[in-house]
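1. any chance you can model this:
(one chain, ligands or ions: 1)
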Amino acid sequence: MRRSLLSYVVLIIPCFACVIIGCGGRPNSAETIPAPVALDPASVDGARAFERVRELLAIGPRSSGTAGAEKAANHIASALRSMKIETEIDEFEDGPGDRRGIYRNVVGIIKGKTAGLIVLGSHYDTKAGISESFNGANDSGSSTGLLLELARVLSVGPKPECSIMLAFFDGEECVREYSENDGLHGSRRLARRLKEDGRAAAVLGVIVVDMIGDKRLNVELPRNSTPSLCSIVFSAAREEGARSAFRLSNSAVLDDHVPFLAAGMPAVDIIDFQYGSTPGLNDYWHTEHDTLDKISGESMQLVGRIVVRMINSLMTGNATRHE
Ligand SMILES: [Zn+2]
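-> The predicted structure follows:
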């Protein structure tokens, strides 16, 4: 992803704060409202999420267009299918001229009781060109491992009120510099598909997680996230007793949430961009230091529980609380 101090002011972010009414629609009378079935945040297991990261890294580097990336896509798809989750590997070509490449999104869907849709997203590719062995434990192992753990929680839980999509993006990382042809390939692809097939209108929230495994968790929500979703993150963090680890950044970030915002969907990026040797530094990011010993199951578990609380909040339409 890329940070920008100024670009957020020109992004037009639709305000969904007061229009999210839950995916069940408006009932006729209070007596007919079935109680929404909530997911249990405590069922998210950080040790399992960590193990998922370890398994992913055992494949080796997975930069887009390599055999490693294809293996990673197949690995993620098999994991989802073993949980009986309906899963598609969406293979597509993207990029210009001699840099045109093959990308694969892995998309699982858990059907809900109604038409509403919540999208959980993480990229799984690693940045190319850092070193032969760069394996990205935090970027993008941690969020991929967490999404697989959330898939398990959702697959064994009660049928959700809304459908929940688990989207594993290829090609988040750019090769040279972020542009409409370089980087964010997978998220641009899915945002376009949702828009074209009409599902975008049913999306209650897109929750992107990225670099959430740092032992010293310090999440800053990019300014270019949908305000109502930021409020839900902060409420959920408070309920987990971890409000102080979550802040609103002064900066915008170009990450996988941006194509969804651009297509009119509410989206938030849960990202810790202080991944380094001392607080305030990000010197492990995109280096050989991004290794398993720097991340923890506890951090992944906390973020996972917050995401589950967010899903519950969006499912019940309890999305109008503000800080
Ligand atoms: Zn990266």
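2. next, count neighbours for the residue in the stretch 101-250 of the chain positioned nearest to the ion.
-> The stretch 101-250 of the chain approaches the ion most closely through Asp139 (4.1 Å), counting by Cβ to the ion. Any C-beta I mention is one placed from the backbone N, CA and C, and that applies to glycine too. Asp139 sits with 27 neighbouring residues when counted by other Cβ atoms under 10 Å.
3. for it, what are its contacts?
-> Neighbouring residues of Asp139 by Cβ atoms under 8 Å, 6 or more residues apart in numbering: 126-127, 210-211, 275, 285-286, 290.
4. which strands border the helix or strand where Leu120 lies, and is each parallel or antiparallel?
-> Taking DSSP states H and E as the definition, Leu120 sits inside strand 117-123. If you go by DSSP bridges, strand 117-123 pairs up with strand 163-169 (parallel), strand 203-210 (parallel).
5. and it, how far out from the chain's middle?
-> Its chain's C-alpha centre lies 5 Å from the corresponding centre of strand 117-123 when counted by Cα atoms, centre = their mean, to the nearest Å.
6. just to revisit the earlier point, in JSON lines, list the strands paired with strand 117-123 along with distance to the ion, mean pLDDT and mean neighbour count.
-> Output for the strands paired with strand 117-123, formatted as JSON lines (distance: least, Cβ to the ion, whole Å; pLDDT from 0 to 100; neighbours: other Cβ atoms under 10 Å):
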{"stretch": "strand 163-169", "distance to the ion": "12", "mean pLDDT": "98", "mean neighbour count": "25"}
{"stretch": "strand 203-210", "distance to the ion": "8", "mean pLDDT": "98", "mean neighbour count": "27"}
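7. about what we covered before: so for the residue of the stretch 101-250 of the chain closest to the ion, what's the pLDDT?
-> Asp139 carries a pLDDT score of 97 in this model.
8. same deal with Ala319?
-> Looking at Ala319, the pLDDT reads 43.
9. list buried members of the contacts of Asp139 by neighbour count.
-> 126-127, 210-211, 275, 285-286, 290 (16 or more other Cβ atoms under 10 Å).
10. number of residues surrounding Phe50?
-> Neighbours of Phe50 using other Cβ under 10 Å come to 25.
11. got it, and Glu298?
-> Neighbours of Glu298 using other Cβ under 10 Å come to 15.
12. okay, and it sits in which element?
-> helix 297-316.
13. and the angle from that helix to strand 163-169?
-> 140 degrees (axes from the mean of the first three to the mean of the last three Cα atoms, to 10 degrees).
14. now do helix 297-316, average pLDDT.
-> Helix 297-316 carries an average pLDDT of 97.
15. what about the helices in the stretch 1-150 of the chain?
-> With DSSP state H, counting those that start in this stretch applied, the stretch 1-150 of the chain shows helices at 46-58, 67-82, 143-156, listed in chain order.
16. the longest one packs against which elements?
-> Using 3 or more Cβ pairs under 8 Å, 6 or more residues apart in numbering; DSSP states H and E as the contact definition, the elements that helix 67-82 packs against are helix 46-58, strand 86-94, strand 101-110, helix 143-156, strand 163-169.
17. which of the ones you listed sits closest to Arg2?
-> strand 163-169 (15.7 Å; Cβ to Cβ).
18. what lies in contact with that closest one?
-> 73, 76, 80, 85, 105-112, 115-125, 144, 147, 150-151, 154, 185-187, 190, 256, 311.
19. following that strand, which helix or strand shows up next?
-> Strand 163-169 is succeeded, C-terminally, by helix 185-196 (DSSP H and E).
20. spatially, what comes nearest to Leu147 if we skip its sequence neighbours?
-> Ser122 (4.6 Å; Cβ to Cβ, 6 or more residues apart in numbering).
21. and that neighbour, what is it in contact with?
-> 140, 143-144, 146-147, 167-169, 208-210, 256.
22. the same query, at a cut-off of 10 Å, please.
-> 76, 140-148, 150, 166-169, 172, 186, 207-212, 256, 270 (Cβ atoms under 10 Å, 6 or more residues apart in numbering).
23. and the furthest pair within the buried ones among the contacts of Asp139?
-> Counting by Cβ to Cβ, the most remote pair of the buried ones among the contacts of Asp139 is Thr126 and Tyr275, 14.5 Å apart.
24. picking that back up, list the buried residues of the helix holding Glu298.
-> Here helix 297-316 shows 297, 299-316 as buried, counting by 16+ other Cβ under 10 Å.
25. then stretch 278-297?
-> 282, 284-286, 290-292, 294-297.
26. also stretch 214-229?
-> Applying a neighbour-count criterion of 16+ other Cβ under 10 Å, one finds 214, 217-229 buried in stretch 214-229.
27. return the subset of those lying in helices.
-> Among the buried residues of stretch 214-229, the ones falling in helices (DSSP state H) are 227-229.
28. for Ile62, give me its contacts.
-> You called it Ile, but residue 62 is Arg. Contact analysis of Arg62 by Cβ under 10 Å, 6+ apart lists 56, 68-73, 75, 124-126, 128, 134-136, 140-141, 144, 170.
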